[in-house]
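Peer 1: Just a sequence and a predicted model for now, questions to come.
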Amino acid sequence: MALTRENVAYIAHLARLAVSEREAADYVVKLSRILDLVDQLRQVDTAGIAPMAHPLPMAQRLRPDAVTETDRREDIQRNAPQAAEGLYLVPRVIE
């Protein structure tokens, strides 16, 4: 898929990026190459291939789920400007 300068200008506008004419010409070529690669990958037959998160059969090592700290909420809330019933009170920001 080939992009045009207008496509690049539109994408830059949506992303709120300032792109010069020289940069736009370079982006037309580079982005078109990326889209061509995506089209090439889309044509590969992946039927029967299981999705995977990692190419090697690995298991994530997990730590034991154990409490390592004591409940210090009251100590911490003493530093808050305002707190009530275990909650921090903040000014209303949406009216």
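Peer 2: Nice, I can see it.
Peer 1: what stretches of this protein score poorly on pLDDT?
Peer 2: Counting by pLDDT under 70, the chain contains no low-confidence residues.
Peer 1: can you count the residues close to residue 35?
Peer 2: If you count neighbours by other Cβ atoms under 10 Å, residue 35 ends up with 13. The way it works is simple: take the backbone N, C-alpha and C, and place the C-beta from them, glycine included.
Peer 1: which stretch of helix or strand covers it?
Peer 2: Secondary structure from DSSP states H and E places residue 35 in helix 21-42.
Peer 1: right, and the helix or strand after that helix?
Peer 2: Following helix 21-42 in sequence order, the next helix or strand is helix 73-77 (DSSP H and E).
Peer 1: If you count neighbours, what's buried in that following helix?
Peer 2: When neighbours are counted by 16 or more other Cβ atoms under 10 Å, no buried residue of helix 73-77 is found.
Peer 1: Can you tell me what sits against stretch 14-34?
Peer 2: With Cβ atoms under 8 Å, 6 or more residues apart in numbering as the test, stretch 14-34 has contacts from 1-5, 7-9, 11-12.
Peer 1: Counting neighbours, what do you get for residue 84?
Peer 2: 9.
Peer 1: In contact with residue 83: list those residues for me.
Peer 2: Applying Cβ under 8 Å, 6+ apart, the residues contacting residue 83 are 77, 89.
Peer 1: can you count the residues close to residue 3?
Peer 2: Count around residue 3 with other Cβ under 10 Å applied: 19.
Peer 1: quick one: it and residue 36 touch, right?
Peer 2: No - Residue 3 is not in contact with residue 36 according to Cβ atoms under 8 Å; the separation is 10.2 Å.
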